[in-house]
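J.: Quick check, what structure comes out for this input:
(chains A and B)
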Amino acid sequence: MSSFEYHRPTSVADAVAALGGGDEATVVAGGMTLLPTIKQRLADPSDLVDLSGVGEMKGISEEGGAIVIGAMTTHGEVASNPVVQAKIPALASLAGNIGDPQVRNRGTIGGSVANNDPAACYPAGLMAMNATVHTNKRAIPVDDFFTGMFETALEEGELVTKVSVPVPDKAAYIKFPQPASRYALVGVAVAQTGGAARVAVTGAGQDGVFRVADAEAALSGSFSPDALDGVSVDADGLNSDLHGSAAYRASLVMTLAKRAVAAANG
Amino acid sequence: MASVSMTVNGKSVSGDVAPNTLLVDFLRENLRLTGTHVGCDTSQCGACVIHVNGKSVKACTMLAVQAEGADVTTIEGLANGDQLHPMQEAFREHHGLQCGFCTPGMVMSAVDLANTIDNPDEKTIRHWLEGNICRCTGYHNIVKAIEAGSKAMQAGKQAAD
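T.: The predicted structure is shown next:
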């Protein structure tokens, strides 16, 4: 593992200042992706700015019809939080099935959204639930935040501080895990709020998470699995690898979307 | 170098480490607590699972400096003198190991499970073990051991109440 300087600021302002101090400084949240990446020498930061001491980035609260989750809140904390379980059980379930228990005890929602792994669970769930990503500079609607594979709208010196998730009327997320890695081969999240439906897909798109307009239109008319009969997604632009062809993934998207709607309807 | 201090198995410890020192290396090399194993070093196998502030984590995917001030428990900290922890005893009784390499991580993960969920059933146990790999594929007895160990821990808690 190559060497770096380590900083543990206690405020967002100090974290931003520390980030500006090194040539190749980077933040570490839970480190569940970053530390393995450094070990594999795919990243070589000059400085590691650990956000675990920043109190203002922690905690879960309910504010005006939304659940607000601090960026440094772990997946395990989201999964076991009584407010999340009561208001958005689909989000608690999503968080409770990321990785494994040890990953959930360290990995954070802020780290997951900032990394925007194309097979991560949170981007799909948050996009379906029309969340807003808050940074130290601005509030970014989720549709504008995820811009491509491992790409986000975050600029230099900009940190995710919290994520605000409007409470949907109904929602569910279904993951089809790749059998070895347990990452989503395909994962589909659906949410219905005030009659309008949103459908978001992870694991399948070459540009990361994406929405399925045709499925959303069908479900906004009738939020039932049958409403998706005849709806399909184009295999062009979907991932194709040894785990599954693009056509297989396209088929999985609609199968999982139906299952997710059925689960959301309880 | 950075100085780091933490509590490991109830004892205050400190040391000077490079910032890129993994917690598992600090435990094994500096403290000579070699019960925590390094299986894959890529965060997948779970042989290095320990408890940090009561929660199970992979010690190969955490820096020693990130454990500053933390309360750390390793496999060496479970037994009470010669008396095995109930989960260790259950692994012995049910032969929840073959070669034994994954066992420290399995036991530490299992103790966190039993502390988190009362009397977990087989499905819950198998789901919880997603982060622990046994390359002897001896999962059957591991699951049986964890079921029994969780019951023993529950009985111990009730006796204490």
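
J.: Report the residue ranges of every domain in chain B.
T.: With automatic domain parsing serving as the domain definition, the record reports that chain B contains domains spanning B:2-77, B:86-160.

J.: average pLDDT across the longest one?
T.: Spelled out, it's domain B:2-77. Averaging the model's pLDDT scores along domain B:2-77 yields 97.

J.: before we move on, the earlier item: how about JSON lines for the domains of chain B, with distance to A:V49 and mean neighbour count added?
T.: Every C-beta, even on glycine, is put in place using the N, C-alpha and C of the backbone. Putting those into JSON lines (distance: least, CB to CB, whole Å; neighbours: other CB atoms under 10 Å in any protein chain shown) gives the following:
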{"stretch": "domain B:2-77", "distance to A:V49": "12", "mean neighbour count": "20"}
{"stretch": "domain B:86-160", "distance to A:V49": "27", "mean neighbour count": "19"}
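
J.: Go through the ones you listed and name the closest to chain A.
T.: Using CB to the nearest CB as the criterion, the shortest distance between chain A and these is 2.8 Å, found for domain B:86-160.

J.: Show the average pLDDT along that closest one.
T.: Per-residue pLDDT over domain B:86-160 has a mean of 96.

J.: likewise stretch A:15-26?
T.: Mean pLDDT, computed over stretch A:15-26, is 91.

J.: what does it rub up against?
T.: A:5, A:7, A:9, A:27, A:34, A:43-49, A:51, A:54, A:136, A:157, A:159 (CB atoms under 8 Å, 6 or more residues apart in numbering or on different chains).

J.: go on, stretch B:88-106?
T.: Applying CB under 8 Å, 6+ apart, the set of residues contacting stretch B:88-106 from outside is B:35-37, B:39, B:45-49, B:74-75, B:78-79, B:84, B:107, B:129, B:132-136, B:138, B:141-142, B:144-146, B:148-149, B:152.

J.: count of neighbours near B:L78?
T.: By the criterion of other CB atoms under 10 Å in any protein chain shown, B:L78 has 19 neighbours.

J.: do you know how far it is from chain A?
T.: Here B:L78 is placed at a distance of 17 Å from chain A (CB to the nearest CB, to the nearest Å).

J.: Contacts only, for the nearest residue to that residue once chain neighbours are set aside.
T.: Counting by CB to CB, 6 or more residues apart in numbering or on different chains, B:L78 lies nearest to B:H85, which is 3.9 Å off, once chain neighbours are set aside. Taking CB under 8 Å, 6+ apart, we find B:H85 in contact with B:L78, B:A79, B:V107, B:V111.

J.: Could you point out which of the residues you listed is nearest to A:E77?
T.: Nearest to A:E77 among those, counting by CB to CB, is B:V111 at 19.6 Å.

J.: Test my guess that the closest one contacts B:H51.
T.: Yes: contact between B:V111 and B:H51 holds when scored by CB atoms under 8 Å: they sit 7.4 Å apart.

J.: sorry, back to before: what about burial for the contacts of stretch A:15-26, which qualify?
T.: If you count burial by 16 or more other CB atoms under 10 Å in any protein chain shown, the buried members of those come out as A:5, A:7, A:9, A:27, A:34, A:43, A:45, A:47-49, A:51, A:54, A:159.

J.: which of those sit farthest apart?
T.: A:A43 and A:V54 (21.2 Å).

J.: quick one: pLDDT of the residue of chain A found nearest chain B?
T.: Among the residues of chain A, A:D100 lies closest to chain B, at 2.8 Å counting by CB to the nearest CB. pLDDT for A:D100: 95.

J.: B:T124 versus that one, what's the distance?
T.: Using CB to CB, to the nearest Å, A:D100 is found at 13 Å from B:T124.

J.: all helices for chain B, in order.
T.: Using DSSP state H, the helices found in chain B span residues B:23-25, B:86-93, B:103-116, B:122-128, B:139-160.

J.: Which other helices and strands does the shortest one contact?
T.: Right, the one you point to is helix B:23-25. Using 3 or more CB pairs under 8 Å, 6 or more residues apart in numbering or on different chains; DSSP states H and E, the elements in contact with helix B:23-25 are strand B:49-52.

J.: Tell me the strands beside the strand it packs on, with direction?
T.: The pairing partners recorded for strand B:49-52 under DSSP bridges are strand B:55-58 (antiparallel), strand B:71-73 (antiparallel).

J.: Pull the distance from the longest one to the chain's centre.
T.: Pointing back at strand B:55-58 there. Here the centre of strand B:55-58 is set off from its chain's centre by 7 Å, with CA atoms, centre = their mean, to the nearest Å.

J.: How about residues contacting it?
T.: Residues from elsewhere that reach strand B:55-58, judged by CB under 8 Å, 6+ apart: A:76, A:101-103, A:105-106, B:43, B:46, B:48-51, B:108-109, B:111-112, B:131.

J.: can we see that at 7 Å?
T.: Applying CB atoms under 7 Å, 6 or more residues apart in numbering or on different chains, the set of residues contacting strand B:55-58 from outside is A:P101, A:Q102, A:N105, A:R106, B:S43, B:G46, B:C48, B:V49, B:I50, B:M108, B:S109, B:D112.

J.: With the last one instead?
T.: Contacts to strand B:71-73, defined as CB under 7 Å, 6+ apart, come from residues B:M6, B:T7, B:V8, B:N9, B:I50, B:H51, B:V52, B:N53.

J.: Could you verify my assumption that A:H134 touches A:E158?
T.: No: distance between A:H134 and A:E158: 10.7 Å, which falls outside the contact criterion (CB atoms under 7 Å).

J.: so who does B:C136 touch?
T.: With contact set as CB under 7 Å, 6+ apart, B:C136 has these partners: B:Q98, B:C99.

J.: Run a quick neighbour tally on A:Q85.
T.: Applying other CB under 10 Å, we find 15 residues neighbouring A:Q85.

J.: Please list all residues in contact with the closest residue to B:L27 other than its chain neighbours.
T.: Computed as CB to CB, 6+ apart, the closest residue to B:L27 that is not its neighbour in sequence is B:L33, at 4.7 Å. Going by CB under 7 Å, 6+ apart, B:L33 touches B:L27, B:T74, B:E76.
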